[in-house]
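Visitor: pasting the sequence and the predicted model now:
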Amino acid sequence: MDGVGKSHNYFHQKHSGNRLPQRIFYQNIVGSGTAMFADALFLRVICAYVRRLKMKNWFLYMIRCKHGRLYTGVTTDVERRFVEHTRNNKKGAKCLRGKAPLALVMKKKIGSKSMALKIESRVKRLSKIKKEMLVDGKIEMKEL
């Protein structure tokens, strides 16, 4: 166990970033009394994979105001975000304050945060007619 522990500690001294997840995962692989050796590259690859599995799903959502205007946003929790918008507090978007009643008209699961932000940017550049078609399901996200 001493040889494995030393190489593991050496890895963390040289690469001090993100210490805890690698140490926990390393102990899960090696176990308490096993003499298995896992090199630094293997640990980094496995830990990156585990972090991707724990990644939150991001959603694109659209809210309709009382005058028919559409607001587009991204979040990991659409219901919570919609409540923030409807309560007119500081957490909601300024452009939606005083525009009640609000209605959640679309919610689409996107995946990663970067992809959600890219799609949100594309949707915000669409014309009102194309946004309405997107809400009605006449055009799909793939076509953006």
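Guide: Here it is on my side, so go on. All values reported here derive from a predicted model rather than from experimental measurement.
Visitor: paired strands for the lengthiest strand in the chain, with orientation please.
Guide: As assigned by DSSP state E, the longest strand anywhere in the chain is strand 103-111. With DSSP bridges as the test, strand 103-111 is paired with strand 58-64 (antiparallel).
Visitor: quick one, domains of the protein?
Guide: Annotated domains of the chain cover 2-53, 58-143 [automatic domain parsing].
Visitor: and for residue 134, the neighbour number?
Guide: Counted with other Cβ atoms under 10 Å, the neighbours of residue 134 add up to 23. For every residue, glycine as well, the C-beta is placed using N, CA and C.
Visitor: thinking again about what came up before, what residues sit buried inside the longest strand of the chain?
Guide: Buried residues in strand 103-111, defined by neighbour count with 16 or more other Cβ atoms under 10 Å: 105, 106, 108, 110.
Visitor: tabulate the residues you listed in TSV, adding columns for pLDDT and distance to residue 59.
Guide: Output for the buried residues of strand 103-111, formatted as TSV (pLDDT from 0 to 100; distance: Cβ to Cβ, whole Å):
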residue	pLDDT	distance to residue 59
105	97	13
106	96	10
108	95	6
110	93	6
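Visitor: nearest to residue 75 among those?
Guide: residue 110 (10.4 Å; Cβ to Cβ).
Visitor: how close does that closest one sit to residue 91?
Guide: Distance, residue 110 to residue 91, using Cβ to Cβ, to the nearest Å: 21 Å.
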